[in-house]
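> Take this sequence and fold it.
(one chain, ligands or ions: 2)
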Amino acid sequence: MNKKNLTDTAILTVAGLSKSFGGVKAVNDLSFSVKKNHIHAIIGPNGAGKSTLFNLITGIIPPDKGEVLFSTTDITSLSSDQIAKHGVSRTFQNIRLFPDMTVSETVLIGTYLLTGAKLAPALLRTKAFREKEQAAKQRVEEILKFVGLWDVRDEYAAQLSYGNQRRVEIARALATQPQLLLLDEPTAGMNPKETKELMELFTAVNNEGITILIIAHDMNLVNTLSDHITVINFGEKLVEGTADVIQKHPAVIEAYMGKVKVDA
Ligand SMILES: Nc1ncnc2c1ncn2[C@@H]1O[C@H](COP(=O)(O)OP(=O)(O)O)[C@@H](O)[C@H]1O
Ligand SMILES: [Mg+2]
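Numbering: from 1, shown residues only. Ligands and ions are numbered 1, 2, ... in the order given. As a prediction, this is how the structure comes out:
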């Protein structure tokens, strides 16, 4: 039985995307598309340009050339807030949490983008503001229960285990109600148990109809979760396809799998 409704509709299209830093072509004329409801993995060696690609897609940095379409909307020159409002959310390779905020507060902040909370109504505590606040708190509760953080909601986010800190980031990303979630090496540094539990969470998120674009090095994770894989090397697309195709590809074995084996 099909666990989900895979479609051929592209939710994200990257076309001829390029970005250089000084003389380094971090992303070089890269084109690919992500299909709606897929879990799509981006793999490639360190320095291949994977995080730069995410920064370009989410408007953290502008590309030198090329386009990013979200469904049919050109989001190339939008700010990261505008891109998030369209329905694209992300986590970062290095966990970024405010030290003085609880789990609930951290995720509540994520909902502000949606509610468009402004300072004056917040200070005056207008009826409209209180209604929005109540809806946001309700949403936070649902998300925290969904990701398994409800029991630690009042703890400081930055003091949780590494696996739970990553969950907080995912919860914060879900608070903006994304259609597309980008995860940059979400299981790096996790122990096998944390990795397995996060993989279950990614599947659950995907089963909610959220498309996932994930950067990962763990080939067990990539092969288990991915509907489609794009391999990049030196900022360029090396090959793409299903796990079966990728695993057998000589250039991948040479450029990536071989390296992983040496590292392991
Ligand atoms: N802000 C930046 N300034 C200068 N060079 C950068 C910057 N971000 C990334 N790079 C360089 O771009 C290349 C790709 O980096 P990155 O996208 O982080 O790769 P990956 O995530 O695949 O490991 C590397 O050579 C890196 O040093
Ligand atoms: Mg990276």
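
> Can you tell me the SS state at the residue nearest to the spatial centre of the chain?
The centroid of the chain falls nearest to Leu182 when counting by CA atoms, centre = their mean (1.7 Å). Under DSSP: H, G, I helix; E, B strand; the rest coil, Leu182 falls in the strand class.

> ok, it - contacts?
When contacts are counted by CB atoms under 8 Å, 6 or more residues apart in numbering, Leu182 is found next to Phe54, Ile57, Thr58, Val88, Ser89, Arg90, Thr91, Ile212, Leu213, Ile214. Yep, even glycine has a C-beta here, placed from its N, CA and C like the rest.

> 10 Å instead?
Taking CB atoms under 10 Å, 6 or more residues apart in numbering as the contact definition, Leu182 lies against 12, 34, 40, 42, 53-55, 57-58, 88-92, 173, 211-215.

> hey, where'd the helices end up in the protein?
For the chain, the helices defined by DSSP state H cover 50-57, 80-86, 103-115, 119-124, 127-147, 162-174, 192-207, 219-225, 243-248, 250-252, 258-263.

> Columns distance to ligand 2 and mean pLDDT on top of the ones you listed, output as TSV?
Listed next are the helices of the chain as TSV, based on distance: least, CB to the ion, whole Å; pLDDT from 0 to 100:
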stretch	distance to ligand 2	mean pLDDT
helix 50-57	3	98
helix 80-86	17	95
helix 103-115	22	86
helix 119-124	35	72
helix 127-147	23	91
helix 162-174	15	96
helix 192-207	17	97
helix 219-225	15	95
helix 243-248	19	89
helix 250-252	18	79
helix 258-263	15	46
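
> care to break this structure down by domain?
Structural domains assigned to the chain are 1-87+179-200+210-264, 96-177, following automatic domain parsing.

> touching ligand 1 at all, the longest one?
Yes: among the residues of domain 1-87+179-200+210-264, Phe21, Val24, Ala26, Gly44, Asn46, Gly47, Ala48, Gly49, Lys50, Ser51, Thr52 lie within reach of ligand 1 under CB under 6 Å from any ligand atom.

> export those to TSV and tack on distance to Thr195?
TSV is the format used below for the residues of domain 1-87+179-200+210-264 next to ligand 1 (distance: CB to CB, whole Å):
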residue	distance to Thr195
Phe21	31
Val24	31
Ala26	27
Gly44	19
Asn46	19
Gly47	23
Ala48	21
Gly49	24
Lys50	18
Ser51	20
Thr52	25
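
> Buried ones among the contacts of Leu182?
12, 34, 40, 42, 53-55, 57-58, 88-92, 173, 211-215 (16 or more other CB atoms under 10 Å).

> Go through these and flag which are in strands.
Mapping these onto strands (DSSP state E) picks out 12, 34, 40, 42, 88-91, 211-215.

> thought Gln179 was touching Thr9?
No: counting by CB atoms under 10 Å, Gln179 stays clear of Thr9, with 11.6 Å between them.

> Between those two, which has more neighbouring residues?
More crowded of Gln179 and Thr9, by other CB atoms under 10 Å: Gln179, with 17 against 10.

> For the more buried one, which non-adjacent residue is closest in space?
Taking CB to CB, 6 or more residues apart in numbering, and ignoring the residues beside it in sequence, Gln179 has Gly87 as its nearest neighbour in space, at 3.9 Å.

> What is the burial count for the one you found?
19.

> just Lys132 next, same as before
Neighbours of Lys132 (other CB under 10 Å): 19.

> Surely it touches Leu108?
No: if you go by CB under 10 Å, Lys132 and Leu108 don't touch, sitting 11.5 Å apart.

> on that earlier part again, of all the helices of the chain, which lies closest to Val231?
Nearest to Val231, of all these, is helix 250-252, at 5.5 Å by CB to CB.

> Between the ones in strands among the buried ones among the contacts of Leu182, which sits nearest ligand 2?
Set against ligand 2, the nearest of those by CB to the ion is Ile215 (6.4 Å).

> Next up, phi/psi of Ser226, please.
The phi/psi pair for Ser226 (degrees, to the nearest 10) reads phi -80, psi 140.
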